[in-house]
Each structure stands twice: as structure tokens, then as C-alpha cells.
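Asker: sequence and predicted model, in that order:
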Amino acid sequence: MASQLPFHWRGHRLELLGAKAAWDPAQGLLLLADLHLGKAETFQVHGIPLPSDGDRATLNALLALAHHWRPREVVVLGDLIHSRLGLTAELRQTLAALPSLLGCPLSLVGGNHETGSWLEGLPQQASGARGPLWLSHSPEQPPAAAGEQLNICGHLHPVALIGSGSDRLRLPCFSYDGVANRLVLPAFGQLTGGHPCEDRSEQWLVAEGSIVPGRRPRCPAAPRPQPPGHAPHHRG
């Protein structure tokens, strides 16, 4: 099984997994986002010959996680599917059987790629609170009535840029914004791209099932202390 690193927020512990998901041991929740199942079939409808084996790898990775952690519930934070054009009869059958294969309930927070689609037995849920967590697809600010919560979301497909020039790598990552109290999960699907993180985010990089700390947020340099009685010199 892939590696993991602990993430603490206000006394609540999560495990960030090298399999591009998060585990909440206190609540028994396995959290992931952006599988984009049926993406290859969607592209094929538009004449782009993308091979149809990405879904199998994505689903096998999900099943392996569920069998290892044995969650009370798997929560997909949006974009379980890529579009209704890719919802083949085979994929619909797979999705209908997924809770049984996972061995636990499956919940879907509706994402932008689910818009206009209907999945039998898997209604789309609105963003909402789970303990100290606010779960959403896109980044959100929890309502004031909910108190201070950690927003966990997907949608952005965060990647870290490592190296430069021809040696530059784009690695999926977890991205934490301490100002917004937001943790963005990497895209779980095999056929997904990514977007660079904001400079103020802390990152944990994912590479071949391993997870390692990445860049820390940039902080403005503190002013250099001046000796007592020293007046700053201003150019006229």
C-alpha cells in the first residue's frame, strides 16, 4: 500500500495518502475527488482515439484503498464521471455495483462534470459538514453558522512544478491554504491533468505511490531591526 503522512488541523488528524486520497480515522471516511470515469469514451465520441483502460486502473486503485482501510463510508468530492457522454451501459453497471464492491456506502458530492447526469442509486449531495470538515467539490467558504471548519475539496487538480527547463516535472500534490483553511486533494483519476498551486499553499507531493513534503508557503521577509536611535535614510 502507498505511503502516508499525518495532517493535523485544530486537533483533528487526517492521513494524506500516496494513493491521492485522504483518510479520516476518527470518522472512518475515505475522501477522494476527480475520478473522471468515462473520460476516454467522452473523447471517443468527439473522434479522439483515447484508449479505454484508464477507468479500470482508477477503479482498481479505489478498491485497493477501500479493502485496506475498511472505511465506514467513501466520499467522492465531485467529478466521479467526466460527462454524460461517457456514461456507457457498462460504466453504469459498474457504478451501481460499486458500494457492494467497496464494502461500504458511497456518497457523491456533486461536481461540475456531473451536471445534467443521473446516476442510479447515487444521488448527488450538496456541500456539507462532516464533523470539523466542510466537504465540497469546488473551494468554498463554510457558512458562518457552521463555525470554523476545514474545507476539503477537489476540482483544482493541484500539481507541483519541480525542477526547470527540460527536467521540469509536474507531480500531483495535496495543497493546503492556511489562510483560507482549505485542503485541496489531488485528482484521483488516471486520465486527469493538473494546475500549478498558488504560492501561498503548502504542498505534499505524490510520486509513484509515495508522498513527501514539498514547498512551504512563501512568507514576506521581516524588516531588519534597526539599532536604537537610528533614523532611516530616505532618498530625496
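Answerer: Received it, and whenever you're ready, just let me know what you need.
Asker: in this structure, which helix has the most residues?
Answerer: For the chain, the helix with the greatest residue count under DSSP state H is helix 54-69.
Asker: touching the helix or strand following it from outside, list them.
Answerer: Downstream of helix 54-69, the first helix or strand assigned by DSSP states H and E is strand 73-76. Contacts of strand 73-76 with the rest of the structure, by Cβ atoms under 8 Å, 6 or more residues apart in numbering, involve 28-33, 35, 62, 66, 102, 104-109, 130, 135. The C-beta positions use only the backbone N, C-alpha and C, and glycine is treated the same way.
Asker: go on, stretch 6-14?
Answerer: Identification of contacts with stretch 6-14 by Cβ under 8 Å, 6+ apart yields 15-16, 22-26, 131-133, 148, 150, 174, 176, 181, 183, 204.
Asker: just the CA trace of the longest helix of the chain, in CSV.
Answerer: Provided in CSV are the C-alpha atoms of helix 54-69 (Å, rounded to 0.1, in the frame of the first residue of the first chain):
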residue,chain,number,x,y,z
GLY,A,54,-8.0,4.4,-17.6
ASP,A,55,-11.2,3.6,-15.8
ARG,A,56,-10.0,0.1,-14.9
ALA,A,57,-6.8,1.4,-13.3
THR,A,58,-8.7,4.1,-11.4
LEU,A,59,-11.3,1.7,-10.0
ASN,A,60,-8.8,-0.9,-9.1
ALA,A,61,-6.9,1.8,-7.1
LEU,A,62,-10.1,2.8,-5.3
LEU,A,63,-11.0,-0.8,-4.4
ALA,A,64,-7.5,-1.4,-3.1
LEU,A,65,-7.8,1.6,-0.8
ALA,A,66,-11.2,0.5,0.5
HIS,A,67,-10.1,-3.0,1.2
HIS,A,68,-7.0,-1.7,3.0
TRP,A,69,-8.7,1.0,5.2
